[in-house]
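**Q** I'd like to go over a predicted model; first the sequence, then the structure.
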Amino acid sequence: MQLFFIFQLVRIMKKLFNKSFVTNFISVLIIATGYLCPVQQELIKSIGFFALSGAITNWLAIYMLFEKVPLLYGSGVIPNRFEEFKLSIKQLMMAQFFTVENIE
């Protein structure tokens, strides 16, 4: 029974502590350090806020590539144009890798 709880805890920890969470947590710690540290407060806070805003912006951009977000233009591009992406990747592969020079 105890082993079951350990496995469940490990599964939850893997979901919770992914790269995105760790990055956001570190940037929040930098912001908190900026409020608590008496040296270069504004600089440290600015670094933390820029890191947090960049992480959130990147997360939103990647999310919007694959998921349709209501009222946001351009979201869900990959599912909407999947066949076009497949065709252009195939054409790129055929043109770049399967040339006469590469086959010889």
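**A** Sure, I can see it.
**Q** okay, CA-based contacts and neighbour counts for the rest of this
**A** Fine.
**Q** low-confidence ranges, the protein, go.
**A** Applying pLDDT under 70 to the chain flags the ranges 1.
**Q** now with 50?
**A** The chain contains no residues with pLDDT under 50.
**Q** how far away is the most centrally placed residue in it from Leu52?
**A** When CA atoms, centre = their mean is applied to the chain, the residue found nearest the centroid is Trp59 (4.5 Å). Applying CA to CA, to the nearest Å, the value for Trp59 to Leu52 is 11 Å.
**Q** what are the buried residues along the host helix or strand of the residue nearest to the centre of the chain?
**A** Assigned by DSSP states H and E, Trp59 belongs to helix 41-66. By 16 or more other CA atoms under 10 Å, the buried positions in helix 41-66 come out as Ile44, Lys45, Gly48, Phe49, Ala51, Leu52, Ala55, Met64, Leu65.
**Q** please apply the same query to stretch 16-27.
**A** Neighbour-count burial for stretch 16-27 [16+ other CA under 10 Å]: Thr23, Asn24, Ser27.
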